[in-house]
Each structure stands twice: as C-alpha cells, then as structure tokens.
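Participant: Build me a model from this:
(chains A and B)
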There are 2 protein chains.
Amino acid sequence: ISGKITEVKVRDIRFPTSLEHHGSDAMHGEVDYSAAYVTVETDSNDDIIGCGITFSLGRGNDILVKAIEAIQGLVIGRELSNIYSNFGKFWREITQEGQLRWLGPEKGVVHMAAAGMFNALWDLWGKKAGKPLWKLLADMSPLEVVNLVDFSYITDAITKQEAMDILTRNKTSQKEREDQLLKRGFPAYTTSTAWLGYSDETLVKKCQEALAQGWTKFKMKVGSDIDDDVRRANIIRDQIGYDRDLMMDANQKWDVNEAIEWMKPLVKFRPLWIEEPTSPDDVIGHATIAKALKEHKVGVATGEQCQNRVIFKQLMQTNAVSFVQIDSCRVGSINENIAILLMAAKFNLPVCPHAGGVGLCELVQHIIMFDYLCVSATTDGRVCEYVDHLHEHFVEPVRIKDASYMSPQKPGYSSEMKAESLDNYEFPNGTIWSNLIKEGKFKM
Amino acid sequence: ISGKITEVKVRDIRFPTSLEHHGSDAMHGEVDYSAAYVTVETDSNDDIIGCGITFSLGRGNDILVKAIEAIQGLVIGRELSNIYSNFGKFWREITQEGQLRWLGPEKGVVHMAAAGMFNALWDLWGKKAGKPLWKLLADMSPLEVVNLVDFSYITDAITKQEAMDILTRNKTSQKEREDQLLKRGFPAYTTSTAWLGYSDETLVKKCQEALAQGWTKFKMKVGSDIDDDVRRANIIRDQIGYDRDLMMDANQKWDVNEAIEWMKPLVKFRPLWIEEPTSPDDVIGHATIAKALKEHKVGVATGEQCQNRVIFKQLMQTNAVSFVQIDSCRVGSINENIAILLMAAKFNLPVCPHAGGVGLCELVQHIIMFDYLCVSATTDGRVCEYVDHLHEHFVEPVRIKDASYMSPQKPGYSSEMKAESLDNYEFPNGTIWSNLIKEGKFKM
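Facilitator: Here you go, the predicted structure:
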C-alpha cells in the first residue's frame, strides 16, 4: 500500500432526532444523533477517500471536531506503508501523544476523537485493498492481527502469545463460517420498539411491527419509574411471549444497591440481561450487581460507555459482565476493539455489540463479523444491536434480513455518508439546521 | 448572596516550559504547562470576578476552552442564590447534562472543563463572602458541606449520614486546628529536585538546594530505564539520607506485572510510595501491585489522573491505594474533591494532593487545609506536593515556609492570574508566543 496522507478534514454533522423523541432513555432525555465526520485524503490518483465517524448526542459534537483537529498534524504527511505496516504502534503513538494524553488518557473526548480518525484510516485501508473491513480483517494472518493491537496495560489478562493461539485455533474452519455468514448474516436484536418516550399505544404497535418483521429479541428501557417499568414490561411480554428474549437497559440510572433493589420486581419478566445498571466506570459495582442477580439468571451487560480496554479487562477479571458490549466509536476504533474481542474470547464471554445512533450499526457489524470468523468462531449467545434510524444517509446502509445483519459487500468500513446528507445536516449552516434555527425550533 | 451571572469568558493560556525540560517524566516528554482560564462576571456592582483554571500540558488546551464554552450557556443567566443554595444539585445538572454526558460521562475533557467552570464559581463565592476558600468551607455546617456533594454512584461506599458523622465528630476541636494551621501551615514535599530530564549534576545541586531550604520529603521520577533509576535513587539517597522520605513516581509507565518486577531493585531505597505504577483506570491492577509491595512496606499512590469519585471509590474499596492523590482540576472541582475526602476519611486513608503544573498548588492547598480542619482532622502521614514553577503569575501565589504551605489570606480560591501574565502568555497571540513562533522556536 503506497501513498502519503495529504489532507484530513472534519465536519460537524447533526440530525435533529430530538424533535421526534427517538433515543430517549433514563439519562438522555432529548438527543440529536450526531457525528464528527472525518475524511482522509492521499496523494494517490485513485480518488479513494477514507471516511470515518465518531458519534455524539448533539451538544459537544464541535468539541469532538476540535479534538480530531488536534491530532490532524500527527497524521498528515505520513506514508500509508508506515502507518499500516505497524498499525498497533501508530495507534499507540496517537493515543499516547505526550501532551494530549493528559486530557484522557485513552478516555472521553480525546479517545473518541482517535476513534473517528482511526475509523477513517480503516475505511481507507479497506477501500485501498478493495475489501469490506470484515473481509480485510478475516484475510489477515494471526500475527498481522496481533500487530494491530496495543497490548499495554492488558498483559496481565492476555499475552500476545495467548492472542496468537486464540486467532490460530479456529483458522481451519474459517471458510465454513464465511459461507454461513454470507448466507445467513449475523443475528441481531432490536431496540427500536421500546424507547422511554413512547406511549403504551406506540409500544404495542412497535412490538407488533417488529414481530411481523421476524425479530426474536427485544430491548426495553427502564429506570425512570419502577411502576412504569413493570407496566411496560408486562405490555411487552404480552406481545412477545416468553419464548423470545427481552433485555432491559437502565442507562446508568442507579447506584449499586439501588440497582439490586430496582431489579427485584423486574426479574419475574426474565430479562436476559440488565444493561448499564450503574456508572460505566464502576467495575466493582457491576461485579456486586452481577453477583446479586446471578440466582435470578439475569446477566449484566455493559460497554457502550466503557472508555477503553483497561476497564473492559477489569469487568472481565471480576466477573462483572456476562455480555460484552463493544462500540465502534467509544474506544480506539478496530484496533482497540480487537483487544477487547481477544480478552472476551480468553474469558469465554459473548460479545454483543452496542449500535444505533448514527452509523454505529454500519461500523460495528464489521467487527462482530470478524469476531465470528476469527476470534470467538461462534454466534451462540451472540447478538448485535440494531436500531432503524438514519441508515438512509449512508452510501452502503446496513441490510437486515430475517433479523440478521447481512455482510457488507462494498470495500471499506461502510462509514461513508452521502454527500447530500453531509451538506444538508452540517451544523449549524446546512439546509436542515439553518431552517430549524430560522423557524425557532432550535435554540443555539 | 445575590446577583446573576452575566458573562463567562475563557482564554487559552500556555507557558513554554518545554524549552527548559521542566516537568519531564516517563510518559510526558516535553510539556508546556497550560491553563484554560475561566472568568465569571455578575450583574453586581462590586467588581468581583470569579477566576478559575483547568490544567493541561499544552497541546489540546484549546479543546478544554471549547468544552468550557459548551457549558457557558448552562451558567450564564443563573441567579447566584440558585446556584449556591444547592451547589451539589447544580453540579449534577452540569455534569449530567443529557447530551454532553455522552462525551464523558464525568471524565476526560468534559469533566476537566466542568472543573474549570466550578473552580471559577468557587473563587466567585469566596470573594463574595470575603473569605479564602479553605475558610469559607471550614465555616460551613456539616449539612452545608454535604449539600455541596453529588453522592450518586458512591452510596455503596459512603452515605450522607456517614458523611455528616465524619464532618461532625471533630467539630469541637476545629478552632485549635485552625490556630495551628495559621501558625505552622500544612506540610509539603518537593518534586522539583528530580525530573527525568535533569542531569546527575543538576540532580545533586537541586537536592542540596532543597535540603538547605528545609525540605524533608522528596519525589523522584522513575520508569524510563531501570539502571538509570537505580543510579539516580542512589544519588538522591546519598544526598538526603534515610531519615527523610523518598517517593517514586512512574507516571503510568508499566503494565501490572512489569510494575512489580521493576520495583524489586528499587525497594531497597525504601520509597514511601510508588506513584502511578500503571494505567490510572486500572483499579484491579493497582490492587495487585499494592498487595505485592506490601511486604516491602512500599505504598501505592495515585489520583492525579483518576477521572472521578467512582474510580477513587473503587481504589479505596479494593485496598489498591495507600495514599489518595486528589487534584484540583482533574475531577469536578471542590464539590467532587469533598466526596473523595469524605470517602478517604471513611476508609481511613491519608490524602496527599497532587500539585505542580500551573496553579495546581494555589488551588489544592485550600482543599487539603479544609481536610485538615474538618474531615481527617489530622496532618499525620499527610503531605501536599509542591513544585516551584510559575507561581509568579498569580495574584496570591502560594507561600512556603519551613517546607509547609502557609494558609492563603485573600478572599477566593487563589486562582486569579495577573492581567499582564494573561496577556503575555495567551496562545497563540500573546507577546511570548508570537515571539517564539516568529523566532521558529515553536511550530504550530
């Protein structure tokens, strides 16, 4: 792979989803799904541009833009061969930059900015190689995969040799899994049926629509009002029965003991998991909750706001999670997510990605498909979140068939947005926003 | 307290400390101590302006500025009585804002930005009340103090009632401690003697200077090269002997097992603590290291990059720290630091603040003096870091006497910088920076 990076651009793209109360939960009332959109250009004559996003809920999307601009200078001028030949080293160079790391390290805004930048670099690599990302990764040797990862701070949980062993042990059966994947896709569940902001009528209607579409796993939001949660769980179980899976999501609403108490009247609805019961930083708290819920066969799931591999490592070391929810924009892109997949395989835990927002489904499907092909080598107990918003803005939107993600076919990371969408939704001067502001529907 | 906030301004202030290799350690090679400087103005006719800072190492200071600007709108227009009558609630409102919290929550850039804003609001309160902050806090009732704190996510470690009990139990002897404080100040240690960038000659000279000034506790940087660490530890112990305390600081350089191995040849120098042996996010890792070093009577210290009260809580719950190093700009200002002081008291752990950089000494002295007066009620085993840089830029610089911080006397948080310093060091257009850039000594 030849050429040099000549330009990095970042745009502030926001969708006014708050106007329709999509995405509401116990902690995030009105949100505008947004992306800091990164493009990486090279001096090659192939017109290929790497496109990446990092995701936010609206306010503060400009902070992400600013943070990506702060690392531009570390990327522009670099040879692609230099970046991709030791991508794990380059990743560390960016995430451990001596001055910027003070603002993290490896967490929050600066890490999400790194995610946006690396997502674009991954898209570039896939497009240059002419392969969708899941296939690019699946075609790598175990050693090539290991070299993508920065193992610092996790060697007490997994060594490079153990990672090599995990990546090698199922290599001979990979072709069969790839055939399966192309035929059947990767199993998904839907979160679109039960946002907190929906009325009971909407809830019933959404459940029925989802059942008609063949969905078998459903997630509901909980945590604002216990009676309300019980009433809504009743409605949903009435609609979906007990043969299908129900998951519950508290979006960090509770303290540790409160989580245990709140779940007491809810365990009878037999949720597969309670998601984000408390602070995403509270490893010990999650372990306490997991222990208390074990007798009820309710698992603990978390990860969408889990800041990096170091927290994931500890969640696994302490039996604090039963379901590992990776996210494509929270941690440092595919490089760090591979570290998390490898640790999950070591600890024998299923990875069930977080998705939704804008673009999160498009990106994370590649990672979980790679997990199936090369790391966990199974779909048993695995399921990837799906939310049916905003896919129309992508050049290659996700394809769902029989409640499964069908594998993307175009080269790259499925992260490229349509030029028209970018122009319309750029904040605050795109057509959509300037009209909303003019009409007084949005206050700056 | 009456009036309304009419304006919040933020400036990007940087000091070119990298030119002299001050502040170098195993992870941060060349740093420019910087501050996002916040001023809060009201509609009162008293000319009082609240001044706050949040600290960074140079690059990315503009990201902090941007993040503070993102919360400006939540502060401007608010009545002071409304803010200060339930400051804990207002703190939660800002740190849990439904869209911005996605970028944290309560960590990294957005949380450090909140620190800057709340530091300014605290300075404003102190100035309005005509008291230095330590005194403002010390004069509050236990209930008033408890109301400053957001207890969410920590009630499994400390309840409001337990906090009330801690704050009440030593109230009768507070006056005696205040007399002591005014006379003798609060004990300090120096980090200025042993930065990694210093030559052996400089090291000896700095030790001798510090001894002559009466310092009894010294900290050295370790972690770049083991032989170098041994050589430098020898030099320092030769200078200071074994009756004085030596602390070691690895600035997160090691993996967990590496930390335990690296310390083996260093324990013979009898360090009081090893600081930041690994990732600041690794609670379990710190617990493992602490356990391994216990037989050598070497404690583990961490906190300057500990993102919030939730991580501090877990460090205490798992016996992972022996010394709790709070920082005035990393977590959410005094409000969150009080939560940490209260938990440290509950777990019977000494708080030994991190300071240095620019302004960190000026601010954190108030917090540790409050700890002595009202929370831990002792200086036994407590010591506050001191670094002798950049104090000249403050209106009320710290005063060190006999290796102790003397209590500040002017109203406020000692966070106000001189107008001339602000103008000279504003980045990139202040006199100092425009000259450096013109002379080619700094590349944008």
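
Participant: isn't there a strand covering residue A:11?
Facilitator: Yes: counting by DSSP: H, G, I helix; E, B strand; the rest coil, residue A:11 is part of a strand.

Participant: Report pLDDT for it.
Facilitator: Note on residue A:11: pLDDT of 98.

Participant: what about it, distance to chain B?
Facilitator: Per CB to the nearest CB, to the nearest Å, residue A:11 is found 16 Å from chain B. Just so you know, the C-beta spots here come from the backbone N, C-alpha and C atoms, and that holds for glycine as well.

Participant: Quick check: that residue touching residue A:62?
Facilitator: No: the pair residue A:11 / residue A:62 is not scored as a contact, 10.6 Å apart, by CB atoms under 8 Å.

Participant: Tell me which residue of chain A lies closest to chain B.
Facilitator: Of all residues in chain A, residue A:108 sits closest to chain B, at 2.3 Å by CB to the nearest CB.

Participant: burial count for that residue?
Facilitator: 29 (other CB atoms under 10 Å in any protein chain shown).

Participant: Skipping its backbone neighbours, what lies nearest it in space?
Facilitator: Leaving aside its sequence neighbours, residue A:108 sits nearest to residue B:108 (CB to CB, 6 or more residues apart in numbering or on different chains; 2.3 Å).

Participant: residues in contact with the one you found?
Facilitator: Counting by CB atoms under 8 Å, 6 or more residues apart in numbering or on different chains, residue B:108 touches A:103, A:104, A:107, A:108, A:109, A:110, A:111, A:307, B:307.

Participant: which of those has the most neighbours?
Facilitator: residue A:109 (32 neighbours).

Participant: Would you mind confirming that it makes contact with residue B:112?
Facilitator: No: in this structure, residue A:109 is not within contact of residue B:112 by CB under 8 Å, at 9.4 Å.

Participant: Spell out which residues are contacts of both of the two.
Facilitator: Contacts common to residue A:109 and residue B:112, judged by CB under 8 Å, 6+ apart, are A:103, B:67.

Participant: Work out for me the element the residue nearest to residue A:222 when sequence neighbours are not counted sits within.
Facilitator: Nearest residue to residue A:222, sequence neighbours excluded (CB to CB, 6+ apart): residue A:229, at 4.3 Å. According to DSSP states H and E, residue A:229 maps onto helix A:226-240.

Participant: Mind listing what's buried along that helix?
Facilitator: A:229, A:232, A:233, A:235, A:236, A:237, A:239, A:240 (16 or more other CB atoms under 10 Å in any protein chain shown).

Participant: So which elements touch it?
Facilitator: For helix A:226-240, the packing partners by 3 or more CB pairs under 8 Å, 6 or more residues apart in numbering or on different chains; DSSP states H and E come out as helix A:200-212, strand A:217-221, strand A:245-249.

Participant: what about those, which gets the closest to residue A:192?
Facilitator: helix A:200-212 (6.6 Å; CB to CB).

Participant: got the buried residues for the closest one?
Facilitator: Applying 16+ other CB under 10 Å to helix A:200-212 flags A:203, A:204, A:206, A:207, A:210, A:211 as buried.

Participant: Next: stretch A:258-267.
Facilitator: A:258, A:259, A:260, A:262, A:263, A:266.

Participant: hang on, residue A:4 packs against residue A:78?
Facilitator: Yes: using CB under 8 Å, residue A:4 is in contact with residue A:78, at 6.8 Å.

Participant: picking up where we left off before, take the buried residues of helix A:200-212 and write them to JSON lines, including distance to chain B and pLDDT.
Facilitator: Below are the buried residues of helix A:200-212 laid out as JSON lines (distance: CB to the nearest CB, whole Å; pLDDT from 0 to 100):
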{"residue": "A:203", "distance to chain B": "22", "pLDDT": "92"}
{"residue": "A:204", "distance to chain B": "27", "pLDDT": "94"}
{"residue": "A:206", "distance to chain B": "23", "pLDDT": "91"}
{"residue": "A:207", "distance to chain B": "26", "pLDDT": "93"}
{"residue": "A:210", "distance to chain B": "26", "pLDDT": "92"}
{"residue": "A:211", "distance to chain B": "31", "pLDDT": "94"}
